[in-house]
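Colleague: 3D model of this:
(one chain, ligands or ions: 3)
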Amino acid sequence: MRKNAFVDAWIAEMAAMTCPKEIVWIDGSEEQLEALRKEAVSTGEMIKLNEEKLPNCYLHRTAVNDVARVESRTFICTPTQEEAGNINNWCDPDEMYAKLKKLYTGSMKGRTMYVIPYSMGVVGSEFSKIGIELTDSIYVVLNMAIMTRAGADVMEALGDSPDFVKGLHAIADCDPENRYITHFPQDNTIMSVNSAYGGNVLLGKKCFALRIASYLGRKEGWFAEHMLILGVEYPNGETKYVTAAFPSACGKTNLAMLIPPEIYRKKGYKVWTVGDDIAWLRVKADGRLYAMNPENGFFGVAPGTNEHSNPNALATTRRDTIFTNVCHNLDDNTVWWEGLDENPPKHAVNWKGEPWDYRTYDKADKVNTSGAHPNSRFTASAKNCPCLSPMFDSPEGVPVSAIIFGGRRAKTAPLVYESFNWQHGTFVGSIMASETTAAAAGAVGVVRRDPMAMRPFVGYNMGDYWKHWLSMGTKIANPPKIFHVNWFRTDDEGHFIWPGFGDNFRVLLWILDRCEGKVDAVKTPIGYVPNPEDINLEGISGVTTETVRDLLSVDTESWLEDIGNIRDFYEQIGSHVPEELKEELDALEKRLKA
Ligand code: GTP
Ligand code: SPV
Ligand code: MN
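Modeller: Ligands and ions are numbered 1, 2, ... in the order given. Modelled structure (predicted):
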């Protein structure tokens, strides 16, 4: 494999600290990956699943206290606290390096350090960026091999350049008290210790492609966002693209792989997946914003994925997939999760590795009684996705017609509304709120503000991030229109009113029609909402135009209540909140009171 002096010097330094027994470079070859799979099976780190039913698929269980991202132990280490802002955990870089050094020292004794060269984006594209992850976990290697473009050709693309993101991961004792997920944006460095779970350790994903990349994007004039990218193909063969930012476990993978309702499929409409979690967006010479997916696979939520909700995701996981913390069906050596089907396995092992009796399941206490952990995941290759966009490997991405923000709101937010312009759209993103989910450690179902679905992922001051959004608006001659959706309004019994999933296509079409100026809308204090009869309900069950009218209603009282909450949040972000957004907030309050 091609050598790089900067990479070698850094590896030598990290190896001197962690003391591995050997260093192994990951070249990306199938032979090497297969040998690692065999090794992981021999040590019990992974379980090989039924080769007939789930070819080349494996099950892995993480420690019971290590099943989600831990935001409380995630740090942005910039020279000053002001750069990191008030809602990131901050630590002085020298102090954090010193603390980490103690935890890493000797942590790989007797273990192998794997060197993973990987590219976020197509290898060699000028829009892509390179990272090197050092890890002592085979599970991490095998996941990174699916989630990124990893291997020898990345070292070729890097050449003699020092321009790569350094990532060091050590499992150490997997001690939650000493777990640190740390970022040093000025040093292009990520250091993660005492975890072995997903977003904490697959360093190309949230750590690099969002936290470090958002910092780089601000410096270099582009965006790194927590967004899916999808294409809607019309019967005439034309395809239009949208991106959508929803917080973790709020429906990105599902929307990205949506199957249109039958009446649309018959007419020839299709949806193509470009990405399901992260988008890097740049302005091109034609004055449009382009989105590319820096990842190469999907690290998706398993529970709730089934033949009806998301058949494309399910099909993607039927081969070459690593399942994490799902339920193991001992009868046929396959996997199961809540919401897969109505047949929980009779002989099974739950996500904790204990014998599991499905009759003990209690919806009110999912974590303790479910077969699969609520944040159990599949790591599946994009190449296996039946609706993967032909533009997936386009080095520059796809032109974006609309940006959609959204969250889980039982009441306030309507099914869909459109912002008045880019500045107002940025404001709409900044006031996003959502009920928390199992994707991060902590309480579930609590409403919190999650601007642009990036609260846990902005690598610098949130106020500066909003300024970056506003300033980018002035650089895009033909900016996408900005919308907000909410699939999660509930009735008095707590049931979702909107059927969601495939039927969200009906809302997507309204959004794209608005982008083309093809349909009218009603102006409300919060933005434009559809005329209820403009959401096509042909072939839908249990939803009438009256239901839609209700879903689109803007309740002034609850919005006014929200205003106070938003003011508190802006206060918390502090002095970096742009004046333009404060003015938008005042203007919204005025319109609501008028
Ligand atoms: P991350 O991978 O954590 O970023 O999550 P995500 O945003 O990709 O969420 P995902 O698509 O995996 O969906 C998470 C949960 O939301 C699953 O339990 C889905 O069943 C549920 N969900 C997704 N779309 C809808 C929808 O339109 N309506 C309803 N009611 N639930 C949905
Ligand atoms: C999320 O939490 O938004 C995820 C899963 O996509 S993780 O990779 O753990 O961040
Ligand atoms: Mn995500």
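
Colleague: could you check the distance from the residue in the stretch 301-450 of the chain positioned nearest to ligand 3 over to W337?
Modeller: In the stretch 301-450 of the chain, the residue that lies nearest ligand 3 is A439 (6.9 Å; C-beta to the ion). The way it works is simple: take the backbone N, C-alpha and C, and place the C-beta from them, glycine included. Using C-beta to C-beta, to the nearest Å, A439 is found at 15 Å from W337.

Colleague: More neighbours: those two, which one.
Modeller: The residue with more neighbours, out of A439 and W337, is W337; 26 against 19, by other C-beta atoms under 10 Å.

Colleague: show me what contacts the more buried one?
Modeller: A302, P303, T305, V326, C327, G371, A372, S376 (C-beta atoms under 8 Å, 6 or more residues apart in numbering).

Colleague: Tell me if I am right that T253 is in a helix.
Modeller: Yes - with DSSP: H, G, I helix; E, B strand; the rest coil as the criterion, T253 is part of a helix.

Colleague: Tell me, how many residues neighbour it?
Modeller: When neighbours are defined as other C-beta under 10 Å, T253 has 24 of them.

Colleague: One more: the one 4 residues further on?
Modeller: Residue crowding around M257 was assessed by other C-beta under 10 Å; the count is 29.

Colleague: you'd agree it is up against A313?
Modeller: Yes - counting by C-beta atoms under 8 Å, M257 does reach A313; the two are 5.3 Å apart.

Colleague: what do these two both touch?
Modeller: Between them, M257 and A313 share these contacting residues under C-beta under 8 Å, 6+ apart: C385.

Colleague: Could you report the pLDDT at the closest residue to N486 other than its chain neighbours?
Modeller: Distance criterion C-beta to C-beta, 6 or more residues apart in numbering; nearest residue to N486, sequence neighbours excluded, is A413 at 3.8 Å. Note on A413: pLDDT of 94.

Colleague: same deal with E95?
Modeller: On the pLDDT scale, E95 gets 98.

Colleague: what do you get for G445?
Modeller: Model confidence at G445 (pLDDT) stands at 87.

Colleague: what's the answer for I138, then?
Modeller: 98.

Colleague: Give me the distance between the residue of the stretch 401-550 of the chain found nearest ligand 1 and E435.
Modeller: Nearest residue of the stretch 401-550 of the chain to ligand 1: G500, at 2.5 Å (C-beta to the nearest ligand atom). In this view, G500 and E435 are 15 Å apart by C-beta to C-beta.

Colleague: Of those two, which one has the most company?
Modeller: Using other C-beta under 10 Å as the criterion, G500 and E435 rank with E435 on top: 19 against 16.

Colleague: Who are the contact partners of the more buried one?
Modeller: G407, R408, R409, A410, V444, G445, V446, V447, F488.

Colleague: ok now do the residue of the stretch 301-450 of the chain found nearest ligand 2, which residues does it touch?
Modeller: Ligand 2 sits closest to A439 of the stretch 301-450 of the chain, with a gap of 3.7 Å, by C-beta to the nearest ligand atom. Contacts for A439 (C-beta under 8 Å, 6+ apart) come out as A68, R69, P247, S248, A249, V301, N375.

Colleague: Perfect, that will be all.
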